[in-house]
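Student: Sequence and predicted model, in that order:
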Amino acid sequence: MSKGRNVTGTPDGAMGPEAEPGATVTEPESTALAMMVAMPTTLDALVRSVPADLLERRPAPDEWSPREVLGHLLYVERLLRNRVAAMVADDQDTPMPKGAPAPSPAAPSASLAEWSRERGETLAWLPTLGPTELERARSVSIAARSWRRWSRS
């Protein structure tokens, strides 16, 4: 793994009270984590700035309304956290947890509040992963991408 900062943002090898447990992350991972942290506040501001009727409106018959998008974000946040947890749990070929059918989306404010809570849980969980777990998840992800490319050929 390349040198960088751990998932809490402290430099690799930091000693003393500023040192936090957690795995090393590269610059793109730090950027992704920063975006994950900022997104609940950004979405909250967007949802509050839009009239309620617009949150229900689909831009086209085959496209999702903002309410449906918020419901999907909530569903996927839970599903992906469960799948990453399965990846880091062991180095066996553990099948990925299947998602239950997505529920009908709730009111935008309710979906957003629940998604923000779930995102907070994800962000609290990520720093608990050590280098071995993150490397395992990265290896599974690389293998999955390779398999998809190979299976399409």
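Tutor: Alright, I've got the coordinates.

Student: what ranges do the strands span in the protein?
Tutor: Across the chain, reading from the start of the chain, the strands by DSSP state E fall at 5-6, 24-25.

Student: quick one, what contacts the closest residue to Tyr75 other than its chain neighbours?
Tutor: If the residues on either side of it in the chain are set aside, Tyr75 comes closest to Ala102, at 4.5 Å by Cβ to Cβ, 6 or more residues apart in numbering. (Each C-beta comes from the backbone N, C-alpha and C, glycine too.) Contacts here follow Cβ atoms under 8 Å, 6 or more residues apart in numbering; on that basis Ala102 touches 71-72, 75.

Student: if I look at the most centrally placed residue in the chain, how far off is Glu135?
Tutor: Central residue check for the chain by Cα atoms, centre = their mean: the C-alpha nearest the mean position is that of Glu77, 5.6 Å away. Separation of Glu77 from Glu135 (Cβ to Cβ, to the nearest Å): 23 Å.

Student: Kindly report the same for Thr42.
Tutor: According to Cβ to Cβ, Thr42 and Glu135 sit 30 Å apart.

Student: ok, those two, which is more surrounded?
Tutor: Here Thr42 and Glu135 are set side by side on neighbour count (other Cβ atoms under 10 Å), and the busier one is Glu135, at 16 against 10.

Student: picking up where we left off before, I'd assumed Arg119 was in contact with the residue nearest to the centre of the chain.
Tutor: Yes. In this structure, Glu77 sits in contact with Arg119. The criterion is Cβ atoms under 8 Å, and the distance is 5.9 Å.
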